[in-house]
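*Asks:* Sequence first, then the predicted structure:
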Amino acid sequence: MRISVIGCGYLGAVHAACMAKLGHEVVGIDVDENKIRALSEARAPFFEPALDDLLKEVQATGRLSFTSDMAAAHGSAVHFICVGTPQKKGENAADLSYVDAATFALLPHLEAGDVVVGKSTVPVGTATRLAALIQGAEPGTHLMWNPEFLREGHAVSDTLRPDRLVYGVTGGSEEHEAVQTLDAVYATQLDSGTPRLVTDLPTAELVKTAANSFLATKISFINAMAELCDAAGADVTLLADAIGMDERIGRKFLNAGIGFGGGCLPKDIRAFMARAGELGADQALTFLREVDAINMRRRTRVVELTREICGGSLLGQRITVLGAAFKPESDDVRDSPALSIAAQLQLQGAVVTVTDPEALQNAALRFPELHYEKSTDAALNRADALLLLTEWREYQCLDPYETATRVSRTKILDGRNVLDATKWRAAGWMYRGLGRP
Ligand code: UGA
């Protein structure tokens with residue numbers, strides 16, 4: 001099939017490459033010329049494992065192209081909308097200006113029979129509004145909502161082998177003709193047994209925000225338990241292992257630490273609360289305010305713990321922060337808890353050096369006042385305290401004996417509870433985890 005993908009960020013670039021891998025003829029469209037140039041040269045404009053290789057592979061087939069010209073969408077049977085929906089400045093609600101602009105720009109290029117498929121995370125009700133808009137412009141078209149559940153760092157495999165496919169369609173009927181069109185797009189996944197659920201438009205939109213809210217709640221739950229473990233002298237990692245063995249609970253997303261960040265979970269729970277308020281159902285989601293508050297307290301807690309391990313004052317203390325990205329295998333620093341903690345420490349008088357294998361360029365754009373060091377060895381040099389804040393494999397594998405020879409003082413705060421405390425203590429380190437004795 002001929003497919004257009006509008007918006008070539010973390011979601012769209014991966015989606016375009018994966019659709020071409022599945023055998024479709026794909027054009028990726030974005031207003032950002034720099035992104036288009038990089039993608040046209042088969043270079044991912046951000047770090048995502050496996051994406052560069054996939055771009056090279058599919059571009060060699062001639063099935064994938066990129067352009068900034070929306071007219072290229074003309075002639076595609078399916079148009080995926082993959083633009084961002086960031087948090088509005090000064091408000092909790094989602095900023096829909098990119099979704100609206102992309103849809104308006106697409107209207108003149110639609111033909112009867114085309115299917116427009118929204119993948120962006122939007123407040124419930126958006127799809128119904130956009131469906132009326134595109135049908136007003138071209139009555140023979142259809143709008144579907146097909147939320148995306150990919151994780152950064154695993155985006156290619158999550159897109160090629162999703163857990164499930166959710167199709168939102170007006171009326172929610174399996175018999176809707178657009179359902180067959182999307183089935184043809186995802187034929188490979190459906191043939192390999194991926195479950196598919198057909199819903200009405202609002203349910204499909206809510207599936208996405210509900211899933212992210214559940215994940216955020218799970219993380220904040222275990223972080224609340226970490227607070228209690230700290231108060232009671234218990235170990236949250238063992239507690240998570242034990243409750244996670246109950247299949248109804250499950251161990252995934254029960255890693256206590258500095259909390260969640262990134263371009264999705266934090267803004268999605270806030271936009272969800274804002275939308276619930278507009279719908280007069282704000283009470284249903286007041287618990288998400290607590291989820292957000294628990295998450296934000298993690299950052300303050302780490303700053304306080306760092307002050308404590310530095311002997312009561314941060315002034316002039318040389319702190320090395322291992323990790324700037326919001327999670328490993330990503331160069332994304334949007335609402336990164338690691339970077340937020342680094343900036344707070346610096347503001348409170350510490351001399352902070354930040355290192356990260358992939359995210360330093362993005363980090364420097366966001367917090368130019370921090371000192372960045374590409375080499376881990378150089379970053380460790382003469383540190384008074386180490387903070388492991390993003391659990392990249394290379395930091396998890398640090399040798400405590402070797403590391404001890406580089407720093408000024410052997411103090412480490414493990415913000416992700418990933419190090420072997422016994423091993424580090426045996427090597428003479430003062431080790432502190434979060435929610436661990
Ligand atoms: C999240 C969802 O997991 C995806 O399913 C969804 O498609 C995506 O948002 C989106 O809406 O686009 P992502 O933002 O890539 O994916 O990151 P996650 O893997 O969910 O991690 C989010 C944050 O939670 C990270 O900062 C991570 O370090 C933190 N986290 C995760 C924990 O603190 N503890 C855990 O146990 C798990």
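*Replies:* Yep, it's here. Residues are numbered from 1 along each chain as shown.
*Asks:* Could you report the pLDDT at the residue in the stretch 101-250 of the chain that the ligand sits nearest to?
*Replies:* At 3.6 Å from the ligand, Glu152 is the closest residue in the stretch 101-250 of the chain, using C-beta to the nearest ligand atom. Glycine gets a C-beta too; all of them are placed from N, C-alpha and C. As predicted, Glu152 sits at a pLDDT of 96.
*Asks:* Now the nearest residue to it once chain neighbours are set aside: which helix or strand?
*Replies:* Leaving aside its sequence neighbours, Glu152 sits nearest to Ser330 (C-beta to C-beta, 6 or more residues apart in numbering; 4.5 Å). Ser330 belongs to no helix or strand when elements are defined using DSSP states H and E.
*Asks:* ok, Ser330 - contacts?
*Replies:* 47-48, 152-153, 262, 358-359 (C-beta atoms under 8 Å, 6 or more residues apart in numbering).
*Asks:* Can you give me the domain assignment for this structure?
*Replies:* Domain assignment for the chain, taken from automatic domain parsing, gives 2-199, 201-437.
*Asks:* ranges for the strands of the stretch 51-200 of the chain?
*Replies:* Secondary structure of the stretch 51-200 of the chain by DSSP state E, counting those that start in this stretch: the strands cover 64-67, 78-81, 115-118, 142-145, 165-169, 196-199.
*Asks:* what's the closest of these to Ile309?
*Replies:* Nearest to Ile309, of all those, is strand 165-169, at 45.9 Å by C-beta to C-beta.
*Asks:* Now do that closest one: everything it contacts.
*Replies:* With contact meaning C-beta under 8 Å, 6+ apart, strand 165-169 is reached by 127, 142, 144-147, 176, 178-179, 182, 186, 189-190, 194-205, 207-208.
*Asks:* do the same with stretch 202-219
*Replies:* With C-beta under 8 Å, 6+ apart, stretch 202-219 has contacts from 121-128, 144-149, 166-169, 172, 199, 253-255, 259-260, 264-266, 268-269, 271-272, 275, 285, 287-288, 291-292, 295.
*Asks:* ok, and of these, which contact the ligand?
*Replies:* With the criterion set as C-beta under 6 Å from any ligand atom, the members of these near the ligand are 121, 148-149, 253-255, 259-260, 264-265.
*Asks:* how about JSON lines for the residues you listed, with pLDDT added?
*Replies:* Shown next, in JSON lines, are these (pLDDT from 0 to 100):
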{"residue": "Thr121", "pLDDT": "97"}
{"residue": "Glu148", "pLDDT": "97"}
{"residue": "Phe149", "pLDDT": "97"}
{"residue": "Phe253", "pLDDT": "98"}
{"residue": "Leu254", "pLDDT": "98"}
{"residue": "Asn255", "pLDDT": "98"}
{"residue": "Gly259", "pLDDT": "98"}
{"residue": "Phe260", "pLDDT": "98"}
{"residue": "Cys264", "pLDDT": "96"}
{"residue": "Leu265", "pLDDT": "97"}
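*Asks:* What about the residues you listed, which one has the most neighbours?
*Replies:* Using other C-beta atoms under 10 Å as the neighbour test, these are led by Gly259, with 27 neighbours.
*Asks:* Look up the pLDDT of the residue lying closest to it once chain neighbours are set aside for me, please.
*Replies:* Among residues not flanking Gly259 along the chain, Arg298 sits closest, at 3.8 Å (C-beta to C-beta, 6+ apart). The score at Arg298 is 98. That number is its pLDDT.
*Asks:* Helix or strand next in line after whatever helix or strand Arg298 lives in, which one?
*Replies:* Using DSSP H and E, Arg298 maps to helix 286-309. Sequence order places strand 318-322 as the next helix or strand after helix 286-309, per DSSP H and E.
*Asks:* Name the residues that touch that next one?
*Replies:* In contact with strand 318-322 (C-beta under 8 Å, 6+ apart) are residues 306, 310, 338, 341-342, 345, 350-356, 376, 379-380, 382-390, 392, 395, 407-408.
*Asks:* Same question for stretch 286-304.
*Replies:* Residues from elsewhere that reach stretch 286-304 (C-beta under 8 Å, 6+ apart): 213, 216-217, 219-220, 223-224, 227, 257-260, 266, 269-270, 272-273, 337, 340-341, 344-345, 348, 387, 389, 413, 415, 434.
*Asks:* how about it as PDB, C-alpha atoms only?
*Replies:* Backbone C-alpha positions of stretch 286-304 (Å, rounded to 0.1, in the frame of the first residue of the first chain) are rendered in PDB as follows:
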ATOM      1  CA  THR A 286      -7.700  13.200  41.500                       C
ATOM      2  CA  PHE A 287      -5.600  10.200  42.500                       C
ATOM      3  CA  LEU A 288      -3.300  11.100  39.500                       C
ATOM      4  CA  ARG A 289      -2.400  14.300  41.300                       C
ATOM      5  CA  GLU A 290      -1.000  12.200  44.100                       C
ATOM      6  CA  VAL A 291       0.800  10.000  41.500                       C
ATOM      7  CA  ASP A 292       2.400  13.100  40.100                       C
ATOM      8  CA  ALA A 293       3.300  14.400  43.600                       C
ATOM      9  CA  ILE A 294       4.900  11.200  44.700                       C
ATOM     10  CA  ASN A 295       6.900  11.200  41.500                       C
ATOM     11  CA  MET A 296       8.100  14.800  42.000                       C
ATOM     12  CA  ARG A 297       9.000  14.100  45.700                       C
ATOM     13  CA  ARG A 298      11.600  11.500  44.400                       C
ATOM     14  CA  ARG A 299      13.700  14.300  42.900                       C
ATOM     15  CA  THR A 300      13.600  16.400  46.100                       C
ATOM     16  CA  ARG A 301      14.400  13.300  48.200                       C
ATOM     17  CA  VAL A 302      17.600  12.600  46.100                       C
ATOM     18  CA  VAL A 303      18.800  16.200  46.500                       C
ATOM     19  CA  GLU A 304      18.300  15.900  50.300                       C
END
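*Asks:* Number of residues surrounding Phe104?
*Replies:* Neighbour tally, Phe104, other C-beta under 10 Å: 14.
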